[in-house]
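Q: no sequence on this one, just coordinates:
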């Protein structure tokens, strides 16, 4: 028997099932496949060590294959204790020889140990989903090198040739921009999240579908005729609202930014404060990126039997702690449904303990969406290597050409065509002298 | 330990889980609950023996509770070998004392034995989902009493006081009407399926949602941007088309009746022949009620990677046998997905072996829909008893008042109100003398 | 100069404009054109005198051309004092030699005189839009022949060979069925309205679009974000609701039948009583077929600036008289908008005086819809002649084959195809013995 | 009789009708009304001369009233020769004492003379819709002061205290940004167009509705079932596509930017090249902002009877000149429809000669949309005055607070509420240290 790469996973014997799962996802990931073919020819990541802190899923495995095809050695750790597909982790280790540290349901200590284990490989590139790996990296730097850190010394100076990182989520980018503003960012970061082909698509179409999927799997309730409250009308919220409406629900939107709230109103939804929405809700979904979007006092206004779910990145959007504290009784009534009795005849049904319902109950973003997100990740890694030395300690957005390339590959795989502009048309678009 | 009622089920120890499931469904079934309260007071089924051949699910269990509340003794058998929820069956036996004959995945022999075991209770009322129990009953009558049968003698004459049956599905009603036409129907049957509150709702909103749910659970593919072919534009097809569109798919309809096809076109869908649709399809769903709606020659025209699913009652709509015969390779790639390789680069993904995808993969109609369907079933049983002796050996539709009652109860539970007409308005609606 | 046929119209010199209008409509009427070609060959109406009491519009003119092609002599009168297109009337007289009696805005006396003038031609076939011509015919019969009428004698016995009539509207069919029930109907009537290709399409797609069109033309208000109340959820109401939602409005439905109300709820709309809806409405449209669907007391609950419109056949759905009586001030603020001030800061904007907003402000059903409705009318006339002597004094629905033919012709003109069933498939649909 | 302000308009006697029209629009413009109340108190434009080159419509008149309320003297000229509402122009002159130079259908010479007449008032602030007034201003400066212009001298140095301008359209902003890039911009310009409350709303909801409105008024064709091609999937294109779908059309999108094209695909539309779309189109609408989006060779591929319309700013999007040159016959068949016969059986119906169909046939953006656009214009003027001396010769976007204020006022007028964030929530949104 061949000896395996380093790993800390549930069970390596799950590999065959994981492999099937990875192959199934591959069917819906034609863009990354196309990039993989080019990477295999050009080897842009040749000899690089790359640590990917991502949800350990079939889609991620397909990204890892492409990175490997490009010449990189890859180590993987989980970006969320609950999202790991143990069979995929096994297949990564067993079929693809990728060092992997991820166990579904791991506790916090294990979670952070896994991050450290990945960093022990001294990666030259990192990928993040929520900026935990980068944060860890900064903490390490701070501790090991407190004086230098103040003077802005870099990882590179420490003999560790570090190209930079790329970030998958809005939440992560917010954290990184905060670091940048405070002058504490230690290397360039590509905000893969900010590519149009990422955030315009996975937040809207991916979160939209998978949230509805998660709610249906968890509850099997009929959505038609329900009053469905979407808290937050960013791209995720739009996606959820659009799909809830598409399933026949009557959608109400709660939003704190006036312009977005007005868009929701013009899109035909009722816009309410959380208090007002609480009183009419059958189902409430939070996608705000903020804390306590649904508070305990909101819950007290809700109807008996209301269903609460969260699709925002962290499990802080619904005040779960408050609910647990206040409830007279709590019991699991279905696999992902906990019933809290606030008072006689006032039952609250919380899905997936307030964690990401689309990832905890359903399977997260469908591969067709991750195809584009991860295309941006792969191209971000290539970009960091190609532009070594030219980039500052800043958060960068990938150039527009990369977006266009990703979108074009996707459209082609769907059998759809983009219109080509004539020279005359291109010129016209930039001219100004022609008037009425 | 108390002795249990007769049964043939998977495992009686599953009862606690089944009970939770039944209670969860009850939350979405306010109409049947309301009827249950009245039945408990009025006991309209007092002393009657009733055999229900239905999908053995949590929703059915809630119907059974209402029938029992009304005074009936109930025996249950499965109407489909694959749809039984074994924990619900256990709970029926253990918690509710209902004789139950149903095991998920039972073979055909067992299936028919279960039907016979239910009939052994000499029911005075039956309920059917697909007319299998009634068909069995007619076969028994024929065999046991060939001479009398010809002369039209009835069950009742044989000393078996039989009130009649009620039928849940379109398919079943078609079979029963054929029997009636041929003069072979032996007792009155209430076509519960034909109540507006049944077929206008479960076929459209129930099948619509649960089919999409089933496809997402089985495949996790992104529906947005997919070309989604719906074969059949009856009420089921409309529901599926509407929800597929609601999830962002581009819907194509195939339909054999010109008027329905035209409605699909006016609803904004492309209408094509199956051949033409085959060539552009990413996903195909059959809901025709007919055989071989997707033939092997259609499949040969399809793109590599196409997904096929059926939501029609029987598993004859996709030519599965033809596919299996022709395929070079077949393997299960996900729990409910079989990959058939027709030729190199031509893979067909068949969901749930061509059986009802909404029931086999997802959980069938959501309880909110079954609430109304089963309200009609309960009221049909009451109607058969109340009108004993007045009904002929025909297929009957429930009176409109029952529909109105069911719909009103449902609306009330949703917090919505129906407008009351004034006397003047009612009169106007029936008058004719007023002109331009 | 050639002498013209008999007529009473606004101005014969408008003919050239009317001709253009008729030709424009013809572009969207491929079904009637196809029937016209056959009629020209087969002459099924040869030698018959036909009186058509219809909205005198470009679409009607295209029907008249087909009837003439079929061999009939046609006389036309208006079925509504306000809907006549005077240029079309002129073209009918001048370009097509059709005796025409219709002037836009004619008073009631003229309106009924025009009906009489049409009947003076002793038609053998009539067509109606609201049953006014048939009602008139029955009044004449009653008066001229009171004794015989009682004994049930027919028009035919009076030496007037009368084949029967056909009726275009729901309202008309209701009136005719009332006559039939009372045993007073004097000849067979084809309920062209009841053909699927008529009422499933013009009520939903025609009234839907043209009502929105009428409201936009009358007011130019943005529909997105408005609370749009649809009173009545029959086919017309569904069409209006669907289109209002399609324009971004938040739709509320008021409905008196529980089953329809529940469908509206499941379609994602809020369902309310008129009182509750009045309080939240920005725009209210009535399509109930009933009186006083919006009463004065409802209006008193409405917000300042509310817009009221009617798309039901008669102008009785909004209590205009009550509004006029109660209002402190009234003035025309745009061509089709009257402002009524109920009290300071409570202004009601009534469109088109409460008459059909789709016909009074916009141009009524688009020709593509009338194409099918009038195909049924033309085929009804042919049917009455072909089945002379076989029909009773009843209201008939056209046979299903005619519906299928009309729908197929339409689909073909749209470049869309109907699926053909195999013999095996047809057989399966009618069989019953095959089970699970 | 009082002497009137300077003007060149159609007929001052049209004023009463214009006044009604202005009042009607005011009902849908609550935001601008609210700003007007504040302006009347604060007089932020006191003593300023302002020239507005805008579509002379009822909505513009309501903006002018607000500017006047703020203390400005206003002179108005048309920004488009065809869009002037002559009765509104009359009311501006007669009822509001505003110098106005605009006649519907004026020729190019008159159009530019009117611009000059407005500039003769030596305005200190200008407003533009397409940048024609600013372009004119720059030409004048160039000619009158060629040496200084090179050195970058400003209007202000010439003794003409000029605060700056604001611009309403995307097209105008593109022209102004080009000027800025070339270093030729002579004063600060507020890109009112770039406010979220402007371009997110009028381009999408305004152009969306009014384009459909224009097409229905021009043609009265049924949209349900039509293949409706939208060329361009920017905000305008999205609006048009969304509303066309909402009316039951089957929408096809043509787009040159891959990311937008992919969004269209994920929104459920078919995406095609113009050539492919031409072959299937029933209706084509251009909203690209580019030249010859529909070329003559595209038209040759189209079906007989296709309808072409443009909703882009300039009438260059459809190759009208090419069509006119190639056509064998051309005739007006309805008020806004010209029939071009390219070859026997190949008729093209062009709406409004290829000019903005929403403005030429319908009434342009509904007032509810212009309410927000013009709120930004009014606040831009205030901003230019308040920030005098602080702004460079650049194109500026209005600060986010102004957007929030406009949106909040609008929501309030719709009876809808924005959620207020707690201090804790605001802090969380900007923090980064909290992790998984």
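A: Great, that's in hand. Keep in mind that what you see is a predicted model, and the values were worked out from it rather than measured.

Q: so who does the residue of the stretch 101-250 of chain A found nearest chain B touch?
A: Here the residue of the stretch 101-250 of chain A nearest chain B is residue A:246; by CB to the nearest CB that distance is 2.2 Å. Just so you know, the C-beta spots here come from the backbone N, C-alpha and C atoms, and that holds for glycine as well. Taking CB atoms under 8 Å, 6 or more residues apart in numbering or on different chains, we find residue A:246 in contact with B:243, B:245-248.

Q: What helix or strand is the spatially closest residue to residue A:112 that is not a sequence neighbour located in?
A: Closest residue in space to residue A:112, ignoring its immediate chain neighbours: residue A:136 at 7.3 Å, by CB to CB, 6 or more residues apart in numbering or on different chains. Element membership of residue A:136 [criterion: DSSP states H and E] is helix A:132-144.

Q: ok so, going back, I'd like the contacts of residue A:246 laid out as TSV, including secondary structure.
A: Formatted as TSV, those follow (DSSP: H, G, I helix; E, B strand; the rest coil):
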residue	secondary structure
B:243	helix
B:245	helix
B:246	helix
B:247	coil
B:248	coil
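
Q: After the lowest-mean-pLDDT helix or strand in chain A, which helix or strand is next?
A: Every helix and strand in chain A was compared by mean pLDDT, DSSP states H and E; the lowest is helix A:146-150, with a mean of 45. Helices and strands here follow DSSP H and E; after helix A:146-150, the next one along the chain is strand A:164-167.

Q: Name the residues of that following strand that come out as buried.
A: Buried residues in strand A:164-167, counted by 16 or more other CB atoms under 10 Å in any protein chain shown: A:164-167.

Q: After the host helix or strand of residue A:239, heading C-terminal, what element do we hit next?
A: Residue A:239 is part of helix A:235-246, with elements assigned from DSSP H and E. Using DSSP H and E, the next helix or strand after helix A:235-246 towards the C-terminus is strand A:250-254.

Q: Quick check: pLDDT value at the residue of the stretch 201-350 of chain A found nearest chain D.
A: Proximity of the stretch 201-350 of chain A to chain D (CB to the nearest CB) peaks at residue A:258, 3.6 Å away. On the pLDDT scale, residue A:258 is placed at 96.

Q: Tell me who's in contact with it.
A: Applying CB under 8 Å, 6+ apart, we find residue A:258 in contact with D:403-405, D:407-408, D:411, D:418.

Q: give me that answer again for 10 Å
A: Residue A:258 is in contact with A:271, D:196-197, D:403-412, D:418-419, counting by CB atoms under 10 Å, 6 or more residues apart in numbering or on different chains.

Q: Pull the number of nearby residues for the nearest residue to it once chain neighbours are set aside.
A: Excluding the flanking residues, the one nearest residue A:258 by CB to CB, 6+ apart is residue D:407, at 3.6 Å. Neighbourhood size, residue D:407 [other CB atoms under 10 Å in any protein chain shown]: 27.

Q: Kindly report the same for the one 4 residues further on.
A: Neighbouring residues of residue D:411 were enumerated by other CB under 10 Å; the total is 22.

Q: which parts of the helix or strand hosting it are buried?
A: Assigned by DSSP H and E, residue D:411 belongs to helix D:400-413. Judged by neighbour count (16+ other CB under 10 Å), helix D:400-413 contains these buried residues: D:402-411, D:413.
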